[in-house]
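In: Using only what follows, build the 3D model:
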Amino acid sequence: PNFAWADYGMRAGMSRILDLFASRSLPASTSINAGVIGAYPEAAVAMRHLGWEFIGHGMHQEAINHAQGGEASIVRSTLDTIEAFTGKRPRGWLSPGLRETFDSPDILKAEGVEYLFDWLVDDLPSWMTTRSGPLMAMPYNLEINDSIVYAVERHATGEMAARLAHTLARFEREATDTARVLAIGLHPHLIGVPHRFGELETMIDTLSASPRVKFVTGADIADWYKAAEPA
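Out: Numbering: from 1, shown residues only. Now for the predicted structure:
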């Protein structure tokens, strides 16, 4: 059942997400297990064709400290595989399950990663210190994330859109001097199922209706923050 759940997402849910983002001309960042490039080549090619930013997310959906070959080797293999496929070395990283070791930031920075989504500490980026230099902590979101809302907390359909609306209203009040990063975590086997997909369309409509919202990638945010607040 778990294999079929995930496989349905890649077969059916992913195509819905791709079509929606393409029809709205929206940018996206995909935190992709590098193994997906070989296992689901059509999906990988479609994301590349749309110009999505590819973010390192391990080779497979397993904690990098448990993977064979050691953490540094897995990080390097992941980045190398994505670079060979896209022509660009990933600048960002999201650890599978957000699980790190004490050495992860040092290893990632040494391998050229510029920003890390594992540290959910603020609504804006911030700087971390590693042995190889500064590493940007990039906002991610567990509150507006279909994995938490529907797989972990098991809310009814509609909860994620409600949280987004409340968050946007608060951010529109707060974002007077500088921006806020409103990240939304999506997984095709969760948001891509038929009874929930309309909720994603509603969320996109809600954001698009606000004149104070801009859709950007992680790389866009990193470049903006690095220029505004150097390490």
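In: List phi and psi for the residue most central in space within the chain.
Out: Central residue of the chain (CA atoms, centre = their mean): Ser31, 4.7 Å from the mean position. Ser31 adopts backbone torsions of phi -80, psi 100, taken as degrees, to the nearest 10.
In: what sits against it?
Out: Contact analysis of Ser31 by CB atoms under 8 Å, 6 or more residues apart in numbering lists Ile55, Gly56, His57, Gly92, Leu94, Phe117. Every residue, glycine included, has its C-beta placed from N, CA and C.
In: again, only using 10 Å
Out: Ser31 makes contacts with 53-58, 90, 92-96, 117, 140, 185-187, 218, as judged by CB atoms under 10 Å, 6 or more residues apart in numbering.
In: so Met138 touches Glu114, yeah?
Out: Yes. Judged on CB atoms under 10 Å, Met138 makes contact with Glu114 at a distance of 9.1 Å.
In: Overlap in contacts, the two.
Out: Gly92, Trp93, Gly218, Ala219, Ala222.
In: okay but the last one is in contact with Ser126, surely?
Out: In this case it means Ala222. No. Using CB under 10 Å, Ala222 is not in contact with Ser126, being 11.9 Å away.
In: When these two are compared, which one has more neighbours?
Out: More crowded of Ala222 and Ser126, by other CB atoms under 10 Å: Ala222, with 18 against 14.
In: which residues of this protein score low on pLDDT?
Out: By pLDDT under 70, the low-scoring segments of the chain are 65-68.
In: So which residues of it form helices?
Out: Under the criterion DSSP state H, the chain contains helices at 2-8, 14-24, 36-39, 41-49, 71-86, 104-110, 146, 159-174, 194-208, 218-228.
In: now the first one, how far from the chain's geometric center?
Out: Pointing back at helix 2-8 there. Relative to its parent chain, helix 2-8 has a centroid offset of 20 Å by CA atoms, centre = their mean, to the nearest Å.
In: What lies in contact with that helix?
Out: For helix 2-8, contacts defined as CB under 10 Å, 6+ apart pick out 11, 13-14, 39-40, 61, 151, 187-190, 192-193.
In: hmm, 8 Å instead?
Out: By CB under 8 Å, 6+ apart, the surrounding residues in contact with helix 2-8 are His189, Val193.
In: Going by neighbour count, list what's buried in that helix.
Out: Ala6 (16 or more other CB atoms under 10 Å).
In: ok, now stretch 120-136?
Out: Burial within stretch 120-136, assessed by neighbour count using 16+ other CB under 10 Å, is assigned to Leu120, Asp123, Leu124, Pro125, Met128, Thr130, Leu135, Met136.
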